[in-house]
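Participant: after the sequence you'll find the predicted model.
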Amino acid sequence: MGARRYVLRKVLQAALTLFFVLTANFFMFRVMPGDPIAMLARSQRLDEEAIAEQQASYGLDKPLPQQYVFYLQQTLRGELGLSFRNARPVWDEIAARVWPTVMLVGIGTILSSAIGVWVGTKGGWNRGSRFDTSTLYGSLVLYSMPEGWLGMLLMLVFAGWLGWFPAGGYETGGMSGFARVIDVANHLVLPCVTLTLGYVGSYAIVMRSSLLEVMREGFVLTARAKGVPDRLVLRRHAGPNAFLPTFTLIFLSFGFVLGGAIIVETVFSWPGIGLLTYEAINTRDYPTIQAIFLLTSAMVIVFNLAADVTYGYLDPRVREA
Amino acid sequence: MKARWLRVVAIAALVVTALSTVARAQDSEPSGEDTTVLRIGTTADLNSDNPWAVVAGSDWVVATSEYDMMLKFDSEDLSPAPSLAEGCEPSEDYMTWTCTLREGLLWSDGEPLTSEDVAFSYRFVIDHRIPQYKSYFAFDPVFETPDERTLIWKAEKPTFALDMPPWGYIVPEHVWAQYDGEDLRTIKSVENTPTVASGPFTLTDWQQGRSWTMTRNPNYWGETPVVDEIQFRLYTNQEAMVTALKNGEIDFADGIKPSLLGSIEGNENITVQQTVSDWWLNFAFNFGGQSPDADALPAIHDHTLREAVAMAIDKQDIVDKAYLGTATTGDTLIRPASAFWHLDIPAEEEYPYDPAAANALLDDAGYADSDGDGVREDPATGDPLVFDVPASTDTAGAVEAGQLIVGELREIGIEVNLLPVNDAKMNDYWGTGNWDAYIWYWSGDPDPNYQLFVFSSEQCGSWSDGCWKNPEFDALYEEQRGIMDRNERQQVVLDAQQVAYEDIPGLVLAYPSTLQAYRNDRFTNWTPHPGENGYLLPSYNYDSLVSITPVGGTTAASSSSGLPAWIWIAGVVVLGGIVLVAMRGGRKRADEEA
Amino acid sequence: MAAVDTTSMSPRRLAWTRRRRALAGHWATYRRNSQGMVGLSILTFFLLVAILGPLLVDASLLDPSQATGVPFSPPSLTYPLGTDNFGRSVLALLVEGARISLLVGFTATIGAMAIGATVGIAAGYFGGTRIDAVLNALTNWFLVIPWLVLAIALATILGPTLLNVIVVIAITSWASTARLVRAQALTVRERTYVERAKALGAGHGRIVTTHILPNVFPVIFANTVLTVALSILSETTLSILGLGDPTAISWGRIIEASFNAGALTAGYWWWLIPPGIAIVLVTLSFTMCGYALDEILNPKLRER
């Protein structure tokens, strides 16, 4: 089928999934036992009257279908509601925490994919070499490590024993200008390294195996037979083709990377979306949880869509499927 | 080839030197020399800057630091002391109280603070039924302001409201009047930074989720504080906070868990304050009746069983293992921080930790283990004594105490299903009554009324833990409500605690302390409240913030741990250089060979 | 191998004999794979520890109220791996942890496999129809939501018990298996013998059990081994976040307890590091076995 039809079909699928996500999000949290308002009763001295009032003000006393419709209207208008915890707009809460996560996940992804691709390429191209075997096993070991524990280990060694880096947090506080940038960078090192190490292994392995597969393909053998230098074969032929599945993987593993961000942020007290998610869920802050679910699912869907479309553009065979 | 590399290295070195000189210059700039800044680290986030929306933790610290009340909680024992009001006098029938405000009171924005503001604030609480404070305004009081300095509080029944004293922040009418009549959610979402208040400091900056700053109020009516600025920094994990304290990045760490004491011990620059407790760990029995689903073992109604449980639980072990020694064993309902009202049962009259005696009690009462499985059965029903015990994971030490109790009750033939759940689930259990005992907490007020109230019979299905009903206790509770004389009332309150202790509606397992640590080489002259083992930061009053003085001059500039600036710059430049050269070099080679 | 007289066997016995021979052949191939053998031996060690656990470690060593050691003490002769916050031996906790962690890993995987295989086979078998579309949409939803976010939400709803942790992991892990199985089932469906069976009037159930299932099984099996590894890692992550069962001692819970007690700043390395190493070893061994199995069951990859 033509490129346009392919893209259109993918976009439609994405939209449908998104709608399903919206609906499922809403109902899933309404099913949660444990009233978010009543839960604060003991600590906030809310008696029955106060609880009823609060519920009414959040529209929780209306029947479920009505709440659902209201939720859809609000969401499509871009209004994500007020947090239960402090009656502030959810959007503000999320916006305040987005940047730390973007920094962490962004730099972590760039580093892990760059290093992973390089390691995987070199290993796969020189298959069986010492570099290959050692990095392969290294990747396996890293892949088998629980990310949270890895973070703790790094913090124990580099912050606890050696004191080279701070033991968590975003900044020391009270700094400004260039000094503050350096301060934040120092706080970013350990969590970023943890996140990178968590994924570099799998990227390396995937790059390696897809390179090995591509190397067996006809056009590579042809190029080699023609006497084209190895380096050129790698850069012009094998590399780009092998990179494709890795590229897709990087996009598709966004969901996992976000999960990784949650645990890394928790261990290092990095004030990002991951930590906000965890806090919101524990305090039954429905509007915040819903908004985060929605946004992260939307991002994953968009990334998947981007991966599909790009893949389809780069590899026409896929469009026929 | 080599020449190209050399050129790159040379340029890189120049850039590095230039930038790092700039960076080092910035690093060594001292922060404002003439401002005295107190830096407080905490793990309790500020949820709201709005006094009507205070939820927990830091909200109270901020609100109590910036807003005054008519009478404050005295630092010695939390009894009423003059604040905005010089004094409040009751009428003979205690139905009318007349308060006189100080002269010349001003808000931080310069507007005069009058009795109108007080009356407005109180009416605001009552009209909008603000949950955190409305219990202090019993018997539908009305307020009159005959002149700017006089407030008259008229209640429909005799009241000691002003003796509690009433926890009601006085807010500026000219700021809040526009929200009068709105619904509570709107009121609570009003942004209140910078704050207009009357206390020694006001909130001037709030970086949500990171830090908030309070600045000295030049119009404060009392003694001028030495501290100019207070910076609160949020840490989401305590390890980082304690490390920051040790590094000198903060001057005060509010609320440390006991296990971190080990890393501070022996550090002569850090003093740890183990405060008197204002809450207690509660092992409550369920007597059933909250709802149709309420289901508890009937044996719980047997006092002998409860007494045996009391003797089987080792409270000292809980203190040692669940709180690492930073608590005292519990006895009565009123927390020790309310020292005037707290009943201390003498050691020889307490239920001893004596599993053998507990076993004997149960044997004699007929709770035999007929099938030899290690669990006794209830002779009345034949059912084994298996307790479902939810424990709150959000309450410090509750689950650990539960784990200890499981083993201890097994020794006397009672099996415990420990169910650790978060407070949302605990709330469900509380409401349905489908449990046998649970481990939670009570916090209470400086005034004992509320704590006794939640144990009265009529609170079954509402505030009561397990619907314990004791007519003698109820009578004493009602009696103390009506006694206006403090000393007279004290005796009745002590009696009520004695009755509760003997009837065992539950067990007060422990009074856990809060741990606050500070750099003794930075600030001194703290005012703990209540008493010398009290809290150093505003929990009930802000006296500490006014009294502290820096030790020897101003505070030092903060420095970051980690790689210094020049390494970062060098690293980035070198990396960039490598990438550039590799890309250009590689392409050139490929073109040559193609 | 001794020759077997196959001339007089029933078709079913023939099939089983063939399978048995294939199995023996697989094992021979597996034995030659050093990676797989290393993995298998490590795994066997931990399985033994887990199974013999209750014999090696008396329950009293795990009871907080009976702990006699000094809390937070470093390794010594009596406590080779030191003690925890209650004064219990970390070594004893580690042994018990093997039992719980492996139990959770296996059970959650069985659950995930059961759901994933069922959905995958059904979707693949009815490929192209509305059933497939619905099941596919369902699978996609579970794949789209970041697994940890969903896991946290479910864990908070259900509450922190061991069973709930297993359920949560199963629910968040089945989707990737389903997708794999569906793809495989689709291919199998196209094969001629299935067409023939349909033409002969075989019902859905018959076709699935006799044709689809055996051919999908190798994919499921290899995937299972890798999923166990992931399940153990998932349980660790959930425990570290405080969503595990506080009364169950898994390796993840030991890490969580040490972290919350300040092991990082106080330097209680004996409490924090060993459980992590155990997890790495077990996960690594499962992964190595999984790769080795993959080579056997997917021969075209054997060249690697």
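Facilitator: Okay, I see it.

Participant: didn't residue A:313 look like it was pressed against residue A:3?
Facilitator: Yes - here residue A:313 reaches residue A:3: they are 6.9 Å apart, a contact under C-beta atoms under 8 Å. For the C-beta atoms, the positions are set from N, CA and C on the backbone; glycine is no exception.

Participant: and the residue in chain B positioned nearest to chain C, how many neighbours?
Facilitator: At 3.2 Å from chain C, residue B:407 is the closest residue in chain B, using C-beta to the nearest C-beta. With neighbours defined by other C-beta atoms under 10 Å in any protein chain shown, the count for residue B:407 comes to 19.

Participant: how close does it sit to chain A?
Facilitator: 28 Å (C-beta to the nearest C-beta, to the nearest Å).

Participant: run a quick neighbour tally on the nearest residue to residue C:70 once chain neighbours are set aside.
Facilitator: Distances taken as C-beta to C-beta, 6 or more residues apart in numbering or on different chains place residue C:87 nearest to residue C:70, at 6.0 Å, with adjacent residues excluded. When neighbours are counted by other C-beta under 10 Å, residue C:87 registers 18.

Participant: so what pLDDT did residue C:87 get?
Facilitator: As predicted, residue C:87 sits at a pLDDT of 90.

Participant: ditto for residue B:561
Facilitator: pLDDT at residue B:561 comes out at 63.

Participant: show me where the chain has its helices.
Facilitator: Just so you know, I chose chain A. Taking DSSP state H as the criterion, chain A carries its helices at A:3-30, A:41-44, A:48-57, A:64-76, A:90-125, A:130-143, A:147-154, A:177-215, A:218-225, A:230-232, A:239-252, A:254-268, A:273-282, A:286-314.

Participant: wrong chain, I was asking about chain C
Facilitator: Using DSSP H, helices in chain C cover C:11-32, C:34-56, C:90-125, C:130-144, C:147-158, C:162-190, C:192-199, C:204-207, C:213-240, C:251-260, C:263-266, C:269-297.

Participant: compare those helices and give me the one nearest residue A:149.
Facilitator: Among the helices of chain C, the nearest to residue A:149 by C-beta to C-beta is helix C:269-297 (4.1 Å).

Participant: flag every buried residue along the closest one.
Facilitator: By 16 or more other C-beta atoms under 10 Å in any protein chain shown, the buried positions in helix C:269-297 come out as C:269-276, C:278-297.

Participant: quick one: check it for contact with chain A.
Facilitator: Yes - residues of helix C:269-297 contacting chain A under C-beta under 8 Å from any C-beta of the partner chain: C:269, C:272, C:273, C:275, C:276, C:279, C:280, C:283, C:284, C:287, C:288.

Participant: quick one: that helix to helix C:34-56, angle?
Facilitator: Per axes from the mean of the first three to the mean of the last three C-alpha atoms, to 10 degrees, the angle that helix C:269-297 makes with helix C:34-56 is 130 degrees.

Participant: what angle sits between helix C:269-297 and helix C:11-32?
Facilitator: Angle of helix C:269-297 versus helix C:11-32, following the same axes, to 10 degrees, is 130 degrees.

Participant: ok now do residue 254, which residues does it touch?
Facilitator: Answering for chain A, as no chain was given. By C-beta atoms under 8 Å, 6 or more residues apart in numbering or on different chains, the contact list for residue A:254 reads A:299, A:300, A:303, C:146.

Participant: not quite, I wanted chain C
Facilitator: Shown in contact with residue C:254 (C-beta under 8 Å, 6+ apart): C:84, C:90, C:93, C:94, C:97, C:271, C:275.

Participant: can we see that at 10 Å?
Facilitator: Residue C:254 makes contact with C:84, C:90, C:93-94, C:96-97, C:100-101, C:236, C:239, C:271-272, C:274-276, C:278-279, according to C-beta atoms under 10 Å, 6 or more residues apart in numbering or on different chains.

Participant: could you do residue C:261 as well?
Facilitator: Contacts of residue C:261 by C-beta under 10 Å, 6+ apart are B:257-260, B:262, B:324, C:71-72, C:84-85, C:268, C:271-272.

Participant: how many residues are close by residue 81?
Facilitator: I went with chain A, as the question did not name one. 20.

Participant: not quite, go with chain C.
Facilitator: 19.

Participant: surely it touches residue C:258?
Facilitator: No - with contact defined as C-beta atoms under 10 Å, residue C:81 does not reach residue C:258; the gap is 11.5 Å.

Participant: so where is the stretch 201-304 of chain C shaky, pLDDT-wise?
Facilitator: Where the stretch 201-304 of chain C drops to pLDDT under 70, the residues are C:298-304.

Participant: which residues of it lie near chain B?
Facilitator: Applying C-beta under 10 Å from any C-beta of the partner chain, we find that the stretch 201-304 of chain C lies next to chain B at C:242-247, C:257-268.

Participant: quick revisit: mean pLDDT added to the helices of chain A, as CSV?
Facilitator: As requested, those are exported to CSV (pLDDT from 0 to 100):
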stretch, mean pLDDT
helix A:3-30, 79
helix A:41-44, 68
helix A:48-57, 74
helix A:64-76, 82
helix A:90-125, 88
helix A:130-143, 89
helix A:147-154, 94
helix A:177-215, 87
helix A:218-225, 74
helix A:230-232, 74
helix A:239-252, 74
helix A:254-268, 83
helix A:273-282, 80
helix A:286-314, 79
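
Participant: those into CSV, with extra columns for distance to residue B:382?
Facilitator: Shown next, in CSV, are the helices of chain A (distance: least, C-beta to C-beta, whole Å):
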stretch, distance to residue B:382
helix A:3-30, 42
helix A:41-44, 36
helix A:48-57, 38
helix A:64-76, 44
helix A:90-125, 54
helix A:130-143, 56
helix A:147-154, 48
helix A:177-215, 56
helix A:218-225, 80
helix A:230-232, 84
helix A:239-252, 60
helix A:254-268, 48
helix A:273-282, 41
helix A:286-314, 45
